[in-house]
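Undergrad: Make a model of this:
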Amino acid sequence: MNSQHAVHRLDTESVDQDGASETRSVPSGSSVVLGKLSVPGEMFLRAELDLNARLRLLTFGEPVRYTYNPLEYAWETHRCYVEKYCHAGHSVLFLGMNPGPFGMAQTGVPFGEVKAVRDWLKISGVVGHPPEEHPKRRITGLACTQSEVSGARFWGFFQKQCGDPETFFRHCFVHNLCPLIFMNASGKNLTPPELPTAQREDLLRHCDATLCQVVTALGVSMVIGVGKVAEQRARRALADAGIRVNVKGLLHPSPRSPMANKGWGSVAKAKLEELGVLQLFST
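TA: The predicted model follows:
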């Protein structure tokens, strides 16, 4: 595989600007009918589709050998997530960094551990494939049998707190700053901070702009970055854009974090109580 490669577009469909029936670049055989969505949901998907178009123009060199965009090949399940849960009234946006190989890369849902997405969030839909797949990182969608620890911890915690997903999404929504997942030649996951500086900044410049669109569309008053990188990027991007929103941070539930491994749920509960968010799940 060529070490210099672009994020590929998969298909192109028409756009009806009056919003009644809008489709853009999505996996073959899929379409985006934005007219069925809430106004915030429609604006949210418009922002993501615009980001997809800009990301297709980027190229990534070594150490990146494979780039997946689940907002293209898993658009159907992602759209199901937005249609079900993105609506007016959100006050808090939880912001992750980018997909994990057994989470959003498989399901199209942020922190999207398969069992949580399929069984608790009740997301359905066909998941396709990126143009090129690493043989050790195949996309099997909602049939994936491997669990992603971060996603299981994240959604498992909110399932315990809320009982049903509607209680969580009454006030909160979850989004990833960057929709792309990167791998090196061996299939090792590469996070955006591990990319060469110029490529990383070019990528995140586009992602920051879309975050500003998303925060404006949803009208949230607080952004909680899950992990230091997401928190720092959100704080800088929103401040630079003059968007007045409270930006806070939450420990990432990654198994790479010793503190998270000692009991992420307890840490998260204490932090969310401190921020006044925990009480939202009982109202």
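
Undergrad: Mind listing the residues bridging to Val92?
TA: Beta-bridge pairing of Val92 under DSSP bridges involves Cys172, Met222.

Undergrad: isn't it right next to His175, touching?
TA: No - in this structure, Val92 is not within contact of His175 by Cβ atoms under 8 Å, at 11.1 Å. Glycine gets a C-beta too; all of them are placed from N, C-alpha and C.

Undergrad: which neighbours do these two share?
TA: Both Val92 and His175 lack any common contact, where contact means Cβ atoms under 8 Å, 6 or more residues apart in numbering.

Undergrad: what about the stretch 151-283 of the chain, any weak spots by pLDDT?
TA: 283 (pLDDT under 70).

Undergrad: Break down it into its helices, ranges please.
TA: For the stretch 151-283 of the chain, the helices defined by DSSP state H, counting those that start in this stretch cover 165-169, 197-218, 228-240, 258-261, 264-274.

Undergrad: Could you check these and tell me which one is nearest Leu49?
TA: helix 197-218 (10.0 Å; Cβ to Cβ).

Undergrad: by contact count, what packs against the closest one?
TA: For helix 197-218, the helices and strands in contact under the criterion 3 or more Cβ pairs under 8 Å, 6 or more residues apart in numbering; DSSP states H and E are helix 39-55, strand 92-96, strand 172-176, helix 228-240.

Undergrad: Just send these back as a markdown table, with distance to Gly263 and mean neighbour count too.
TA: Shown next, in a markdown table, are the helices and strands packed on helix 197-218 (distance: least, Cβ to Cβ, whole Å; neighbours: other Cβ atoms under 10 Å):
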| stretch | distance to Gly263 | mean neighbour count |
| --- | --- | --- |
| helix 39-55 | 33 | 20 |
| strand 92-96 | 19 | 24 |
| strand 172-176 | 21 | 24 |
| helix 228-240 | 19 | 18 |
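
Undergrad: can you put those in CSV and add distance to Leu71?
TA: Output for those, formatted as CSV (distance: least, Cβ to Cβ, whole Å):
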stretch, distance to Leu71
helix 39-55, 6
strand 92-96, 14
strand 172-176, 9
helix 228-240, 17
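
Undergrad: For the residue most central in space within the chain, which residues are in contact?
TA: Note on the chain: the residue nearest the mean C-alpha position is Asn176, at 3.1 Å, using Cα atoms, centre = their mean. For Asn176, the contacting residues are 95-99, 104, 110, by Cβ under 8 Å, 6+ apart.

Undergrad: Restricted to buried residues, select those in PyMOL.
TA: Selecting only the buried entries of these in PyMOL, with 16 or more other Cβ atoms under 10 Å as the criterion:
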select buried, resi 95+96+97+98+99+104+110
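
Undergrad: Redo the contacts of Asn176 as JSON lines? Include distance to Phe169 and pLDDT.
TA: Output for the contacts of Asn176, formatted as JSON lines (distance: Cβ to Cβ, whole Å; pLDDT from 0 to 100):
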{"residue": "Leu95", "distance to Phe169": "15", "pLDDT": "98"}
{"residue": "Gly96", "distance to Phe169": "16", "pLDDT": "97"}
{"residue": "Met97", "distance to Phe169": "21", "pLDDT": "96"}
{"residue": "Asn98", "distance to Phe169": "22", "pLDDT": "96"}
{"residue": "Pro99", "distance to Phe169": "20", "pLDDT": "95"}
{"residue": "Met104", "distance to Phe169": "17", "pLDDT": "97"}
{"residue": "Pro110", "distance to Phe169": "12", "pLDDT": "97"}
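
Undergrad: where along the stretch 51-200 of the chain do the strands fall?
TA: Assigned strands in the stretch 51-200 of the chain, in chain order: 59-60, 66-68, 92-96, 172-176, 181-183, 189-190 (criterion: DSSP state E, counting those that start in this stretch).
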